[in-house]
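S.K.: Predicted model, plus sequence, below.
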Amino acid sequence: MNILIAGFQHETNTFAPSPADWAAFLRGDGFPAYSEGADMLRRFTGSSLPIGGFISEAQARGWALLPACWAGAAPSAQVEGRQGFM
């Protein structure tokens with residue numbers, strides 16, 4: 001079984017003064033910062049995050065994981081629109 005894994009982690013607080021821009025996801029600031037591919041598996045395998053448990057269980061079952069990307073930003077206002085990311 002092949003399973004693509006990806007993640008996006010952000011807590012939106014509409015009262016926060018600043019939006020989450022691309023730089024916030026690159027930094028992480030308390031959440032795991034942007035990573036992709038094999039780096040994702042290295043970073044999260046054995047971690048206490050839910051994705052860490054999923055990776056361990058999937059590997060124990062012999063599933064092939066295809067890591068795409070993961071991004072997390074600290075709690076802030078809304079995530080900026082697409083134009084703010086690229």
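M.R.: In hand now; what should we look at?

S.K.: Mind listing residues that contact the one helix or strand Phe8 maps to?
M.R.: Phe8 belongs to strand 2-12 when elements are defined using DSSP states H and E. Here strand 2-12 makes contact (Cβ atoms under 8 Å, 6 or more residues apart in numbering) with 20, 25, 31-32, 40, 51, 54-55, 58, 63-79. (C-beta placed from N, C-alpha, C; glycine too.)

S.K.: right, and the helix or strand after the longest helix seen in the chain?
M.R.: Secondary structure of the chain per DSSP state H: the longest helix is helix 50-60. Counting by DSSP H and E, the next helix or strand C-terminal to helix 50-60 is strand 64-76.

S.K.: quick one: that next one to chain centroid distance?
M.R.: 2 Å (Cα atoms, centre = their mean, to the nearest Å).

S.K.: Now do the buried residues in the longest helix of the chain.
M.R.: Buried residues in helix 50-60, counted by 16 or more other Cβ atoms under 10 Å: Ile51, Ile55.

S.K.: what does stretch 9-21 give?
M.R.: Neighbour-count burial for stretch 9-21 flags His10, Ala20 (criterion: 16+ other Cβ under 10 Å).

S.K.: if we can go back for a sec, tell me what angle the strand holding Phe8 forms with strand 64-76.
M.R.: 0 degrees (axes from the mean of the first three to the mean of the last three Cα atoms, to 10 degrees).

S.K.: still on that earlier bit, ok, residues contacting the longest helix of the chain?
M.R.: Counting by Cβ under 8 Å, 6+ apart, Ile3, Ile5, Gly7, Leu41, Phe44, Thr45, Gly46, Leu65, Trp70 sit against helix 50-60.

S.K.: Excluding chain neighbours, what is closest to Ala68?
M.R.: Distances taken as Cβ to Cβ, 6 or more residues apart in numbering place Ala6 nearest to Ala68, at 4.0 Å, with adjacent residues excluded.
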